[in-house]
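1. Structure of the sequence below:
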Amino acid sequence: MPVATAPVAFYRDPDIFARERRTVFARSWLFFGLEADLARPGDYLADEVAGYPVVVVRTEGGELKAFHNVCRHRAGPLVGDAQGHCGREFVCRYHGWRYALDGRLRSATGFGPADAFDPREFSLFPVRVETWRGVAFVNLDPEAAPLIETLRPLDVLFGNRTVPGAVERRSHALACNWKVYVENYLEGYHIDQVHPGLAADVDTAAYAVRMEGEVAVHEVLATGGAAEGLWAWVWPNLAFNLYRGVLLLEHIRPVGHGQTRLDYVYLHEAGDPAFAAALKTSGELTHEDAWICERVQQNLDAGVYQAGVLSPQRENAVAWFQARIADALAA
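-> The predicted structure is shown next:
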């Protein structure tokens, strides 16, 4: 018997989206940035993670630390920019409280004497941070398993490959729920209809996606130059794609229940003549995927479609993803 699709409410209901923030994103390893952007002690990156403001910093001892970007006094921000250098301490942008890079409160600036006030009880709220091959991830769940437990299948796939050092970034806004886009990524069923250029470069009849833990591995037999047969998606919202020797980190970021932003980080060899072609191929695929995903969202919102069925041969990873979301929401 075919597997039924997820309820339409999963893609339309703002309450579902709010619950995903707590049950999916606040309990998963999430892409945060590149170690190369945190080269010196005091270098930091700041961003929102599942709606929570987070900052990652390189400490004096050379390790990475992550904290909620929230002062313990009256919730002011420690830093106001997405990237920068804070020297040897964080200074709250609101009232000037000062924190060491390991999170300890150094000085409640101008606070004055107060009975029973113990600075040791007002360290920054910590966030877990770990790295893989120069890529930094954070996790809001203090009890989560180590990052490598999630990434081990990807680590095996990469083998001896090195991550190139030159960086290019792009962003794309999509008018669809983030899960619509993820599900589109998790199958090659649509390639013949949606991606004529890619269809000419891969054997679509042999295209398969297999789940290894929380990693979806695309098995692609390339017949042309666009694909290299290493495409993988990591729960819940990060993809790794190789185009002509260029590694694309594809961060699928929910903005609202009906809005998604794709943040692309291209890692390539400086001066590589193939980079322009890879960028062009990537841009064409994104445009095609955006078009179909936005049409799907419009049809979901129209209210006619209520449920469908999934192909056990072509959409097994989609079925895994929908079940994983349902389990998270039920937890």
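2. The nearest residue to S123 once chain neighbours are set aside in helix, strand or coil?
-> With C-beta to C-beta, 6 or more residues apart in numbering as the criterion, S123 has its nearest non-adjacent residue at 4.7 Å, and that residue is G103. Bear in mind the C-beta positions are built from the backbone N, C-alpha and C, glycine included. Of the three states, G103 takes coil under DSSP: H, G, I helix; E, B strand; the rest coil.
3. which residues in the stretch 101-250 of the chain form strands?
-> 105-107, 126-132, 135-139, 166-174, 208-212, 215-219, 227-234, 238-243, 246-256 (DSSP state E, counting those that start in this stretch).
4. Which of the ones you listed comes out lowest on mean pLDDT?
-> The stretch with the lowest mean pLDDT among these is strand 227-234, at a mean of 79.
5. returning to that earlier point: okay, the strands of the stretch 101-250 of the chain in a markdown table with distance to V202 and mean neighbour count next?
-> A markdown table is the format used below for those (distance: least, C-beta to C-beta, whole Å; neighbours: other C-beta atoms under 10 Å):
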| stretch | distance to V202 | mean neighbour count |
| --- | --- | --- |
| strand 105-107 | 55 | 16 |
| strand 126-132 | 27 | 18 |
| strand 135-139 | 26 | 23 |
| strand 166-174 | 22 | 13 |
| strand 208-212 | 11 | 16 |
| strand 215-219 | 10 | 20 |
| strand 227-234 | 5 | 20 |
| strand 238-243 | 12 | 22 |
| strand 246-256 | 16 | 19 |
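6. would CSV of these with distance to V79 be doable?
-> Formatted as CSV, those follow (distance: least, C-beta to C-beta, whole Å):
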stretch, distance to V79
strand 105-107, 16
strand 126-132, 14
strand 135-139, 15
strand 166-174, 20
strand 208-212, 37
strand 215-219, 32
strand 227-234, 27
strand 238-243, 24
strand 246-256, 20
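7. Y266: which of these is closest?
-> Nearest of the strands of the stretch 101-250 of the chain to Y266, taken as C-beta to C-beta: strand 166-174 at 4.2 Å.
8. contact partners of the closest one?
-> With contacts defined as C-beta atoms under 8 Å, 6 or more residues apart in numbering, strand 166-174 is touched by 34, 36, 181, 255, 259-270, 272, 275, 279, 283, 286, 290, 293-294.
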